[in-house]
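Enquirer: Provided below for reference: sequence and predicted model.
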Amino acid sequence: MLNITIKKTLLYSLLTFFLLIPLIVWADDSWDKSIIRELPSVLEMHRKFVSIRNVASVHEDMYRNVEFVKPKFEKLGFNVQLLKSSTLPVFFAEKIVDEEARTILFYLHLDGQAVNPANWDQENPFVPMLKKQDDKGSWITIDWQDINKKIDLDWRMFGRASADDKDPITMMLSALKLLQDAGTAPAYNVKIILDLQEEAGSQDFLSTLEKYKKYYAADYMIIMDGPAHSSNKPTITFGCRGIAWFSMTVYGAKLPQHSGHYGNYAPNPVFAMSHLLASMKNEQGRVTIEGYYDDIEIDREIRTVLENVPDNEIEIRRGLGIKKADDVGNSYQEALQYPSLNVRHIETSWKGPGVKTIIPESISAHIDVRLVAETDGARQIEKIRRHIEEQGYLVLDREPTDTERLLRSKIVRFDGHSGINAFRTDMNTPIGQHLISQLTSAYGERPVTIRTMGGTVPIVPAINTLKIPAVIVPMVNIDNNQHNPNENLRIGNLIQGIKMSMVILSMQMD
């Protein structure tokens, strides 16, 4: 009897599995066809969207962006509110399908980086251009009417915020509309935040965390920002590095001195700074400050996750133009698991045009520290300050007095900022497993899963305050030139992002 029951159960399971396969394939095939059918209208909508200037410092432009997206979300059944903040409001949209169901909070941002039109290969960065590559690899403009013909996946839309971060908003709106047209509602409650000041530090959103905590309450959070893996395969990122920073100034004589009169007599602070910096990092690129890499362990399970990311180390180095990488990790992905120490700018007291034969009075180094989940910004800054003291320096938070200059030959002014800590979500958390499972089913292969990305998102304090497991689902092409001239969006990534959004919105939650 038991064997018969097992056989019946197994037969039922197999029948269910094979019957469902055509339905899954049909659904995906149907979605693909729907996306391609709607693509010209989606591109036209995105063209209009990108045409609206969105530098956060110009509040009138940001309100114009709000006016563009607000009716679109409302037409899709969302309740939209503008939540007051200390600066610009936070755009908040909510769609409750079932009070008892799970809730996912999606975070995107409406603003973009400032532009210098002179550095762009088009007259106006806010007048989107459609381009394709010629045989020589140069980008040439094509007529917008061509979107009504056969669209090439490698065509690109060039314009500020075409990728970062208006594209994910267009993807989300398009996915919601396609599902609505098919008579399908999201599989859970959906909350959406559009941050109007992300590129300026998210002061608006971060200032509202306590006041609107109930609004933001959710089971999980999905951040739709940043580029996908270079393979352009669906990508899930489970964390990002944080950032702290500091400046330090080393002093010589009180005033710049003639190098002929005082060379070999007045100390040049440039050499003192060079020795101090060299004490912090060895020639192999590893930080030598005591305890800098404490608590970071790369065990076999973590290393397997890192090795499964389809990076090509040779291509990465070729692209960077370097023979050898720093010896911090065994690969690019492993290097991202450790805090960094980067000198981003050095300046002497002479800032005028030309070269002068002087001994500068001071030299300043401006340094950023990328943090990982195991490292706290304040602790890392304190380790660095303590290391400078161990090199024999008097460390001050102000300019030295004349008396201090006469009493101490080694003086540093140190200005440290603990910045924004990193976050990392356990890859085995339910939201991660659901995303991996659903995207694997939709695309026939496991998505690229990245433990930690190198950049920093300013809303990490929100993740830590709201205590919501968060993952990043980046969708735009990695070579989109975000924050730089000639920002662009690859059409193939737009298509894939719409489908990924449909898969995520249809994801059944436990």
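Expert: Sure thing, it's come through. Worth saying up front: this structure is predicted, and the values here are computed from it rather than measured.

Enquirer: When you work out contacts or count neighbours from here on, use the C-alpha atoms and nothing else.
Expert: Noted.

Enquirer: The stretch 401-510 of the chain: helices as residue ranges?
Expert: Per DSSP state H, counting those that start in this stretch, the stretch 401-510 of the chain carries helices over the ranges 402-407, 430-443, 460-466, 491-505.

Enquirer: mean pLDDT for those: which is lowest?
Expert: When the helices of the stretch 401-510 of the chain are ranked by mean pLDDT, helix 460-466 comes last with a mean of 92.

Enquirer: So which bits of it are buried?
Expert: For helix 460-466, burial by neighbour count (16 or more other Cα atoms under 10 Å) applies to V460, P461, A462, I463, L466.

Enquirer: is it true that P339 lies in a helix?
Expert: No. Applying DSSP: H, G, I helix; E, B strand; the rest coil, one finds P339 to be coil, outside a helix.

Enquirer: Starting from N493, give me the distance back to the most centrally placed residue in the chain.
Expert: Against the mean C-alpha coordinate of the chain, by Cα atoms, centre = their mean, the closest residue is G226 at 4.4 Å. Distance, G226 to N493, using Cα to Cα, to the nearest Å: 12 Å.

Enquirer: What of N65?
Expert: On the measure of Cα to Cα, N65 and N493 end up 23 Å apart.

Enquirer: neighbour count winner among the two?
Expert: More crowded of N65 and N493, by other Cα atoms under 10 Å: N493, with 25 against 20.

Enquirer: just checking, that one touches I478?
Expert: No. Under the criterion of Cα atoms under 8 Å, N493 makes no contact with I478, lying 9.8 Å away.

Enquirer: Which neighbours do those two have in common?
Expert: N232 (Cα atoms under 8 Å, 6 or more residues apart in numbering).

Enquirer: picking that back up, wait, doesn't the residue nearest to the centre of the chain sit right on V476?
Expert: Yes. Between G226 and V476 there is a contact under Cα under 8 Å: 6.8 Å.

Enquirer: follow-up on the earlier one: now list whatever residues contact both of G226 and N493.
Expert: Common contacts of G226 and N493 (Cα under 8 Å, 6+ apart): M475, V476.

Enquirer: How about I346: which residues does it bridge to?
Expert: Per DSSP bridges, the residues bridged to I346 are A365.

Enquirer: Next up, the contacts around it.
Expert: I363, S364, A365, H366.

Enquirer: Where does the closest residue in space to T170 that isn't next to it in sequence fall, secondary structure wise?
Expert: Closest residue to T170 apart from its sequence neighbours, by Cα to Cα, 6 or more residues apart in numbering: H46 at 6.4 Å. Element membership for H46, per DSSP states H and E: helix 2-50.

Enquirer: Also Q81?
Expert: Using DSSP H and E, Q81 falls in strand 79-83.

Enquirer: in its sheet, what does that strand sit against?
Expert: Take DSSP bridges as the rule and strand 79-83 pairs in its sheet with strand 90-95 (antiparallel).

Enquirer: Tell me the pLDDT of the residue nearest to the centre of the chain.
Expert: pLDDT recorded at G226 is 91.

Enquirer: that older thread, give me whichever of the helices of the stretch 401-510 of the chain is most buried.
Expert: Highest mean neighbour count among those (mean count of other Cα atoms under 10 Å): helix 491-505, with a mean of 22.

Enquirer: Show me what that one is packed against.
Expert: Contacts defined by 3 or more Cα pairs under 8 Å, 6 or more residues apart in numbering; DSSP states H and E place helix 491-505 against helix 2-50, helix 166-181, helix 430-443.

Enquirer: before we move on, the earlier item: would you mind putting the CA coordinates of the strand holding Q81 into PDB?
Expert: Taking C-alpha atoms only, strand 79-83 is exported to PDB below (Å, rounded to 0.1, in the frame of the first residue of the first chain):
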ATOM      1  CA  ASN A  79      -2.100  55.400  -4.200                       C
ATOM      2  CA  VAL A  80       0.500  58.100  -4.600                       C
ATOM      3  CA  GLN A  81       1.600  60.500  -1.900                       C
ATOM      4  CA  LEU A  82       4.300  63.100  -1.700                       C
ATOM      5  CA  LEU A  83       5.800  62.700   1.800                       C
END
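
Enquirer: From the chain's centroid, how far away is that strand?
Expert: How far strand 79-83 lies from its chain's middle: 25 Å, per Cα atoms, centre = their mean, to the nearest Å.

Enquirer: Contacts for that strand, please.
Expert: Under Cα under 8 Å, 6+ apart, the answer for strand 79-83 is K70, F73, E74, P89, V90, F91, F92, A93, E94, K95.

Enquirer: make it 7 Å
Expert: For strand 79-83, contacts defined as Cα atoms under 7 Å, 6 or more residues apart in numbering pick out K70, E74, P89, V90, F91, F92, A93, E94, K95.

Enquirer: just the buried members of the residues you listed?
Expert: Buried, going by 16+ other Cα under 10 Å: K70, P89, V90, F91, F92, A93, E94, K95, out of the contacts of strand 79-83.

Enquirer: Please, which helix or strand holds the first one?
Expert: Which is K70. Secondary-structure element containing K70, defined by DSSP H and E: helix 59-75.

Enquirer: got the angle between that helix and strand 90-95?
Expert: 0 degrees (axes from the mean of the first three to the mean of the last three Cα atoms, to 10 degrees).

Enquirer: between helix 59-75 and helix 166-181, what angle do the directions make?
Expert: Using the same axes, to 10 degrees: helix 59-75 against helix 166-181 is 20 degrees.

Enquirer: Pull the number of nearby residues for L394.
Expert: Other residues near L394 come to 17 when the count uses other Cα under 10 Å.

Enquirer: so where is this structure shaky, pLDDT-wise?
Expert: Residues of the chain that meet the criterion pLDDT under 70 lie in 1-28.

Enquirer: per-domain residue ranges of it.
Expert: 2-240+422-505, 242-296+338-420 (automatic domain parsing).

Enquirer: before we move on, back to that, how about the residue nearest to the centre of the chain, what does it touch?
Expert: Counted by Cα under 7 Å, 6+ apart, G226 has contacts D164, P474, M475, V476.

Enquirer: how about 8 Å then?
Expert: D164, D165, P474, M475, V476.

Enquirer: Also P474?
Expert: I223, M224, D225, G226, P227, A228, T235, I236, T237.

Enquirer: From the chain's centroid, how far away is stretch 446-454?
Expert: 12 Å.

Enquirer: what about H387, which helix or strand?
Expert: H387 belongs to helix 377-390 when assigned by DSSP H and E.

Enquirer: what do you get for D204?
Expert: Here D204, judged by DSSP H and E, is contained in helix 203-206.

Enquirer: ok, back up a step: reformat the domains of the chain as TSV; add distance to K323.
Expert: What follows is the domains of the chain, written out as TSV (distance: least, Cα to Cα, whole Å):
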stretch	distance to K323
domain 2-240+422-505	20
domain 242-296+338-420	13
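
Enquirer: looking at these, which is closest to L306?
Expert: domain 2-240+422-505 (7.2 Å; Cα to Cα).

Enquirer: what's near enough to touch I381?
Expert: I381 neighbours (Cα under 8 Å, 6+ apart): A244, W245, F246, G416, H417, S418.

Enquirer: Now rank those by neighbours and give me the top one.
Expert: W245 (23 neighbours).

Enquirer: Mind listing the residues bridging to it?
Expert: As for beta bridges, W245 partners with D368, H417 under DSSP bridges.
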